[in-house]
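Enquirer: Have a look at this fold, sequence not included:
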Ligand code: NI
């Protein structure tokens with residue numbers, strides 16, 4: 001089932017997600033529907049808030065070609081996509097940070113540089129409730145940080161420079177108005 005993607009400035013995007021405590025078939029179904037919704041929208045990540053549910057669940061699917069280092073070697077040979085993260089937390093991150101132009105399915109056609117740690121260690125549960133840990137760099141590290149932010153009600157615009165936010169203010173106002181009209 002494909003969900004409608006919630007756009008800025010619907011208040012659910014600002015809600016902190018509740019911890020997932022039940023690992024039943026409903027959760028597997030919801031995760032599968034989120035993957036389907038993300039693929040349909042041609043995104044690489046989707047958080048539950050973006051389909052109107054404030055719970056700690058997100059999905060990620062990064063194409064293999066975008067997940068290689070400069071020599072063309074796969075950065076995450078052990079990670080199987082799509083990735084479903086339940087109750088994910090960043091446990092550790094590198095001191096080294098870098099900017100990257102991010103987009104978000106809740107902000108159509110709006111991109112901007114966000115500075116984030118290059119490497120992170122993320123602990124999460126899979127759809128069965130089993131504890132997992134992944135150390136990531138590159139696109140996966142970035143995407144996990146963006147999605148975990150969503151689960152905390154934090155949006156990528158919050159992490160952009162003030163100058164960039166001023167530049168985007170007209171577009172954001174228009175998107176907010178459009179979202180209000182549709183809801
Ligand atoms: Ni996003």
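Expert: Received the coordinates, thanks. Keep in mind that this is a model prediction, so the values were computed, not measured.

Enquirer: Any regions of this structure where pLDDT drops low?
Expert: Along the chain, segments meeting pLDDT under 70 are nowhere present.

Enquirer: Need the outlier residue of it, farthest from its centre.
Expert: The C-alpha centroid of the chain is most remote from residue 71, which lies 26.5 Å away (CA atoms, centre = their mean).

Enquirer: measure that one to residue 181 for me?
Expert: Relative to residue 181, residue 71 is positioned 49 Å away (criterion: CB to CB, to the nearest Å). The C-beta positions use only the backbone N, C-alpha and C, and glycine is treated the same way.

Enquirer: now the strands: where do they sit in the chain?
Expert: Listed in chain order, the strands of the chain (DSSP state E) span residues 45-47, 57-60, 83-93, 97-102, 112-117, 119-125, 131-137.

Enquirer: out of everything not next to it in sequence, what's closest to residue 113?
Expert: Using CB to CB, 6 or more residues apart in numbering and skipping the chain neighbours, the partner closest in space to residue 113 is residue 99 (4.3 Å).

Enquirer: can you pull up the bridge partners for the one you found?
Expert: Legend: beta-bridge partners of residue 99 under DSSP bridges are residue 115.

Enquirer: check contacts around it.
Expert: With contact set as CB atoms under 8 Å, 6 or more residues apart in numbering, residue 99 has these partners: 113-115.

Enquirer: again, only this time at 10 Å
Expert: With CB atoms under 10 Å, 6 or more residues apart in numbering as the criterion, the residues that contact residue 99 are 112-116, 160-161.

Enquirer: Pull up the gap between the residue nearest in space to the middle of the chain and residue 154, please.
Expert: The geometric centre of the chain, computed from its C-alpha atoms, lies nearest to residue 147 (CA atoms, centre = their mean), at 2.4 Å. With the distance defined as CB to CB, residue 147 ends up 11 Å from residue 154.

Enquirer: Please tell me how far the residue farthest from the centre of the chain sits from residue 165.
Expert: From residue 71 over to residue 165 (counting by CB to CB), the distance is 36 Å.

Enquirer: ok so, going back, what sits against the residue farthest from the centre of the chain?
Expert: For residue 71, the contact set (CB under 10 Å, 6+ apart) is empty.

Enquirer: what's the answer for residue 86, then?
Expert: With contact set as CB under 10 Å, 6+ apart, residue 86 has these partners: 19-21, 23, 27, 31, 48, 55-58, 124-130, 132.
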